[in-house]
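# build the 3D model from these lines:
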Amino acid sequence: MLAPAVTLNVATALLGSMNGFDIVQATTGGGPGGSTELLNIFVFRTFGQGLFAQATTMSLMLLLMVALLAFPVIKLLRKREDVLS
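Coordinates of the predicted model:
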């Protein structure tokens, strides 16, 4: 019964790691010279400049990147659950 917990924890950690906007924005504001700039911060700034279509497109690309990373990992871990069960 340990395997489903591992799948949930890995999937949650993967999705959580893609959401680093709040920590970076609050602590460094994007860093000196944009050195810690994440796609999330770039979308935030683009939206703030009134470039709504560009910001929406970048947000959609971020969603697709997260999905392309998350779904194969979840599928692989579910196969692992079946083997362990």
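# pLDDT score assigned to residue 18?
Looking at residue 18, its pLDDT reads 67.
# now the one 10 residues further on
Model confidence at residue 28, given as pLDDT, is 73.
# going forward, count from 45.
Done: numbering now begins at 45, and the last item shifts to residue 72.
# that one: how many residues sit nearby?
14 (other C-beta atoms under 10 Å). Heads up, the C-betas are built off the backbone N, CA and C, glycines and all.
# pull out the buried residues from whichever strand or helix holds residue 106.
Using DSSP states H and E, residue 106 sits in helix 96-128. Residues of helix 96-128 classed as buried by neighbour count (16 or more other C-beta atoms under 10 Å): 99, 102-103, 106, 121, 125.
# and stretch 51-61, how far from the chain's centre?
10 Å (C-alpha atoms, centre = their mean, to the nearest Å).
# equivalent analysis for stretch 119-129, please.
Averaging C-alpha positions (C-alpha atoms, centre = their mean) puts stretch 119-129 23 Å from its chain's average.
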